[in-house]
Structures are given as C-alpha cells and as structure tokens.
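Trainee: the amino acid sequence is not available; the structure is as follows:
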Ligand SMILES: Cc1cc2nc3c(=O)[nH]c(=O)nc-3n(C[C@H](O)[C@H](O)[C@H](O)COP(=O)(O)OP(=O)(O)OC[C@H]3O[C@@H](n4cnc5c(N)ncnc54)[C@H](O)[C@@H]3O)c2cc1C
C-alpha cells in the first residue's frame, strides 16, 4: 500500500513542527492539526525557554533546579540530556529567525520561579507565538512537508486494522476526520509521531487551548502503550474567572508587582487579603502553595472566585506593565486600574503522558511521541517553568533523528482496511455530548483538582465508569464528529488521571491528597499498562 507520507506527525505545535523540519531533508512528512495550524499551546506560551547561556550559570544548576521542582521523581539521565541540549536548540531557533530579546549584543535572559539563575530566553511576553510563527513559516516553505489543518485524528492504525490481521502491535498511521471533506480518511506512514499536547481540557478551568483533550494519550493507550504519572497536573494560581472566557491567564508578574489576593465582598473577611495566613511569603509564595490556598478559600466559603487586586498601584504603572491584560479585561468590562480581577486557579500543564525513551520511542513499533503528550522523565512530579517548550524541541529532534537513522527497521505499511462506514446515522442528540463534556470537566475540577481525597477520587471514578458506558454506546452507533472524538478521549484521560491518583499513596509534587499528606521515602513513577 502506498503510504500517505514517509512519516505522519499529529500536531503542529513546537514538538510536531520541530520533528517535521528535522526529517524533511530525507523524508516526506505530513503534519496534521485538528484545527488551524497555529491553534496550539505552543503559540500561547508567554514566558520563554530555559537554557544555560550565561557565564556563572551551569548545566549542573539547571539540572538541580529541575530535580528540585520535580520532587525527586525526574529521571536524572533525561534531565541531563535535555539541559545539555538546550543551548543548541536555542541556536536552531535563532537560525530560523526567532527574534529573541537581546541587550548589548547578548540574549536577554529573565529569571522565573524555581530557577537559581537568569536563563529564560524570550520574545517579550509572547515567546510561543514568535516560535510557532518561525517554525510554521519554515515548514510551509519546505517541499517535503505537507501541512494539513482541520484533520482530527481518531485512532491509530495498527496490525489489527490490516486486511491481513496481525497482532504485532506496530503502528502504521491513523484514521482521521477531515472537517473539510466531512469524512474519515486513512493516513498511513512508516512512522507516526504523536505531538498532540496535553489534556488540560479535562478540567473546567484550563489555560490550555480548546483542543487539549488528551487525544494522543488516549490514542496511544488504546494502541497498547504505557501511560505514566497522569496524577501530576500543574495548576496556575490565577486564571480569569469569566463565564465566557475560561482560559485567560493572569501572569504571576501581577502578584510580583504588588497584586494582592483578597476575599470578595459579601463573605466574612470580604475585601481582606488571605495569603499571609497561609505562607510568610504571602502572594509571592510558590505557584502550588498559592493555588492550594485559593482553592482552600473557594471550597471553604463556597465561592466561585477570589479577587486579585492591583488597583492600588499607579494607573500608568499598571497599564504600561500589563498592556495586554488591561486591554483584554477592559473589553470584558473590568478596569484593572480601578477594580479587582476575579480569578480561579486553572489547569496549566500535563506532566504525565505516553512513556517514551530518549529517542521519543513509545512501546509500539513505528510510533513515536514528543512534547506535552509524553512522560519522558524530564518533569517528575512538577514541571519547572520554561522547561516544557525545551522538551518539545529536544524530543522533536530526537524522534526525527531516530526515525531517519533506523529507517530500514521501521515496519512496512500493509494493506489497511478503510474506516467502518456502517455508522451512518447522524446523532440527533448533540446536546448529550455538550452536556457530558461539561459534566466531566466539572467533576474533574471538583473531585480531582488541586487538593484530593480518596473519597472524592472514588466518587469521580464511579461517574467516569457510568459515562464510559454511555459514550461507548454512542460512539458505536453514530457517525463520528470532532466533538464526539474529543469526548471519548476526554473520558479516557479522565479515567487515567483518576486511576493514577488513586494508586499514589503519598503527597508528592503536584499530587496533594489529604489521606496521605506525607512523602514516601522512595520516588516511583505511576505506570499504567493497557
Ligand atoms: C498559556 C500558556 C503559557 C505557557 N507558557 C510557557 C512558557 O512560557 N514556557 C514553556 O516552556 N512552556 C509554556 N507553556 C507550556 C507549553 O506551551 C506547552 O507545554 C508546549 O507548547 C506543548 O507543545 P506541544 O508541541 O507538545 O503541543 P501543542 O503546542 O499543544 O500542539 C498540539 C498540536 O496537536 C494537535 N492535535 C491535538 N489533538 C489532535 C488530533 N486528535 N488530531 C490532530 N491534531 C491534534 C493540535 O491541533 C496542535 O496542533 C505554556 C502553556 C500555556 C497554555
């Protein structure tokens, strides 16, 4: 069977496009994205990328900072590998034309929480956008790369889908829903790379893009790959609370510049700061402590949100330091120079995912993964700020190089059966999908959020089991739609998150459970085997 391309890549974020550019000199590549090419977490990244680039800093210090954030669960070999590869990855981006900020002829480096040195390269406060633009422009120019937006991967194609059934477990491509043609297509290749990003949309509030429904994690799991450390979900303390806009991040710099967290009026202590009761560093305590304190107050008082107030600072200072936030919120009727911002913590980063080795290889022959979809061993129990884009660059390149170097060993593409077209009935109950989606995100938020208990996790598990049955029936009987594909995956990852959380009998890093407040002496990954 003639493959669609030598290599298929699912995802046009930093990981997917880096892999594509590293393969294109020798192989034909098709990159698919479920929506617009630029609709990715990568394009939203604000802060920057961590790399040791300045005298006085050292690989050892970057490794130590990463291990400290990861609460000992990181794989030191992986951490060392990524940290040492970082300066070269930054140079590649500069060669592609990314206009990193500079000062006196040298890159301008900022410092972020958890880093012992200034080592974050950035493009003002929109680093991810500049990187995505540069990668996309280079990919669009390359004759060996085909970019295919609006193509929603449904499931990986394995030997089970071959005309001559095989149980080898090898992956030969995928089935995907074309939004344009409104039908399922079979795409095949000698290698497939999952670069589908995280699973943030399993939560009611998330800074991740709408498409972050854990599709790659769910597809790899169904194809027989191990999934690891899904209980480690990173929450950002301050996301705008708004009924329409559920993913607008209010940068930590607002607290850094004097923003105060207060209880809203109408409750005991309304209008007063609460962080000093939780930590002597108050609003400047580390991310997880601030997020936990906000969550505690919201749950204790039955609130929808708390207030973040910077209105006591000079209005010119506020508008010049936070022009984007000022404009965005003014458009929503909030003048931050005069009034507080309603905020909630929001899911921000998925530390767990598909188990990969240093070459981005998964458990399935022919299947690779890179970026937020993976659990590579880099982040451990908590991601250090600005290490995630770096992981995309290093593993995107590693997967590409391994494919190129081992081409002859990759599985041949057999004759594949087309998509089962017997499901021709359109559902007349689209509302069920929207309703179920909302239900999952709400109970994940309430029961599997920042502070967990075994009882709440079990409650979530019971709901998941019930909904899985309903969604499986729905999936069997009706024509697929992008919403149904995402819902099915969302339930799969919600189940993986809850099962992982239930199996960890300690509090470590981002997993905080009241029944097991202490940390066990030995750090062990949670590994789920299909
Ligand atoms: C608001 C925000 C700020 C951040 N700031 C930083 C920062 O400053 N520094 C840092 O290091 N990290 C930051 N991060 C994290 C970082 O941006 C992400 O971890 C990283 O960009 C993930 O890249 P990726 O290539 O793995 O996935 P993404 O960039 O999310 O790309 C995923 C791609 O997969 C596609 N896809 C998904 N499912 C399917 C499917 N079923 N079919 C077809 N295509 C599919 C999507 O369309 C998309 O193209 C931030 C994240 C957010 C949300």
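Mentor: Nice, I can see it. For clarity, every value in this text was computed on a predicted model and none was experimentally measured.

Trainee: so who does residue 120 touch?
Mentor: Shown in contact with residue 120 (CB atoms under 8 Å, 6 or more residues apart in numbering): 47-50, 109-112, 385-386. The way it works is simple: take the backbone N, C-alpha and C, and place the C-beta from them, glycine included.

Trainee: now, which of those residues lie close to the ligand?
Mentor: Under the cut-off given by CB under 6 Å from any ligand atom, the ligand has 47-49, 386 from the contacts of residue 120 close to it.

Trainee: the lowest-mean-pLDDT helix or strand in the chain close to the ligand?
Mentor: Across the helices and strands of the chain, mean confidence by mean pLDDT, DSSP states H and E is lowest for helix 253-256: a mean of 83. No. Figure legend: helix 253-256 not in contact with the ligand (CB under 6 Å from any ligand atom); closest approach 11.9 Å.

Trainee: mind giving me the packing neighbours of the following helix or strand past that helix?
Mentor: Next along the chain after helix 253-256, taking DSSP states H and E as the criterion, comes strand 260-262. Contacts defined by 3 or more CB pairs under 8 Å, 6 or more residues apart in numbering; DSSP states H and E place strand 260-262 against helix 287-301, strand 306-309.

Trainee: what does the stretch 251-400 of the chain put close to the ligand?
Mentor: Counting by CB under 6 Å from any ligand atom, the stretch 251-400 of the chain sits next to the ligand at 349, 371-373, 386, 388-389, 392.

Trainee: and which of these is nearest to residue 315?
Mentor: residue 386 (30.5 Å; CB to CB).

Trainee: grab the nearest non-local neighbour of the residue in the stretch 301-450 of the chain positioned nearest to the ligand.
Mentor: For the stretch 301-450 of the chain and the ligand, the shortest gap (CB to the nearest ligand atom) falls at residue 371, measuring 2.3 Å. Spatially, and ignoring its direct neighbours in sequence, residue 371 is nearest to residue 15 (2.9 Å; CB to CB, 6 or more residues apart in numbering).

Trainee: quick one on the thing from earlier: just the helices and strands packed on strand 260-262: most buried one?
Mentor: Most buried of the helices and strands packed on strand 260-262, by mean neighbour count (mean count of other CB atoms under 10 Å): strand 306-309, with a mean of 23.

Trainee: what helix or strand is residue 84 on?
Mentor: Element membership of residue 84, judged by DSSP H and E, is helix 76-95.

Trainee: who are the packing partners of that helix?
Mentor: Packing partners of helix 76-95 (3+ CB pairs under 8 Å, 6+ apart): strand 49-50, helix 59-69, helix 388-405.

Trainee: CSV please, covering those and showing mean neighbour count and mean pLDDT.
Mentor: Shown next, in CSV, are these (neighbours: other CB atoms under 10 Å; pLDDT from 0 to 100):
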stretch, mean neighbour count, mean pLDDT
strand 49-50, 28, 95
helix 59-69, 19, 96
helix 388-405, 25, 98
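
Trainee: now tabulate those in TSV and tack on distance to residue 526.
Mentor: Shown next, in TSV, are the helices and strands packed on helix 76-95 (distance: least, CB to CB, whole Å):
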stretch	distance to residue 526
strand 49-50	26
helix 59-69	18
helix 388-405	19
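
Trainee: quick check: angle from the longest strand along the chain to helix 287-301?
Mentor: Criterion DSSP state E: the longest strand present in the chain is strand 341-350. Angle of strand 341-350 versus helix 287-301, following axes from the mean of the first three to the mean of the last three CA atoms, to 10 degrees, is 130 degrees.

Trainee: what residues are up against the residue in the stretch 1-150 of the chain positioned nearest to the ligand?
Mentor: Here the residue of the stretch 1-150 of the chain nearest the ligand is residue 13; by CB to the nearest ligand atom that distance is 2.1 Å. Counting by CB under 8 Å, 6+ apart, residue 13 touches 40-43, 132, 195, 197, 371-372, 392.

Trainee: ok, residue 231 next?
Mentor: Residue 231 neighbours (CB under 8 Å, 6+ apart): 352, 497, 500-501, 504, 510-511, 526.

Trainee: is the residue most central in space within the chain in a helix, a strand, or coil?
Mentor: The C-alpha lying nearest the average C-alpha coordinate of the chain belongs to residue 198 (CA atoms, centre = their mean; 2.9 Å). Following DSSP: H, G, I helix; E, B strand; the rest coil, we place residue 198 in the coil state.

Trainee: any idea how far it is from residue 234?
Mentor: Per CB to CB, to the nearest Å, residue 198 is found 9 Å from residue 234.

Trainee: need the residues touching each of those two.
Mentor: 349-350.

Trainee: the nearest residue to residue 382 once chain neighbours are set aside: what's it in contact with?
Mentor: Using CB to CB, 6+ apart and skipping residues adjacent in sequence, the residue nearest residue 382 is residue 509, 3.9 Å away. With contact taken as CB under 8 Å, 6+ apart, residue 509 is in contact with 69-71, 73, 232, 351, 380-382.

Trainee: could you do residue 63 as well?
Mentor: Residue 63 makes contacts with 76, 79-80, 83, as judged by CB under 8 Å, 6+ apart.

Trainee: residues in contact with the nearest residue in space to residue 156 that is not next to it in sequence?
Mentor: Leaving out its chain neighbours, the residue that sits closest to residue 156 by CB to CB, 6+ apart is residue 223, at 4.3 Å. With CB under 8 Å, 6+ apart as the criterion, the residues that contact residue 223 are 155-156, 158, 169, 171, 364, 367.

Trainee: ok, and what's touching the longest helix seen in the chain?
Mentor: Using DSSP state H to define each element, the chain has its longest helix at helix 454-477. By CB under 8 Å, 6+ apart, the surrounding residues in contact with helix 454-477 are 423, 425, 427, 432-433, 436, 439-440, 443-444, 446-448, 484, 487-488, 491, 494-495, 498-499, 501-502, 513, 515.

Trainee: for that helix, buried residues please.
Mentor: 456-457, 459-461, 463-464, 467, 471, 474 (16 or more other CB atoms under 10 Å).

Trainee: tell me the phi and psi of residue 495?
Mentor: phi -60, psi -40 (degrees, to the nearest 10).

Trainee: go on, the one 3 residues further on?
Mentor: Residue 498 adopts backbone torsions of phi -70, psi -40, taken as degrees, to the nearest 10.

Trainee: could you do the one 10 residues further on as well?
Mentor: Backbone dihedrals for residue 508, given as degrees, to the nearest 10, come out at phi -150, psi 140.

Trainee: dump the residue contacts of it.
Mentor: Here residue 508 is in contact with 71-73, 381, 519-520, 523 (CB under 8 Å, 6+ apart).
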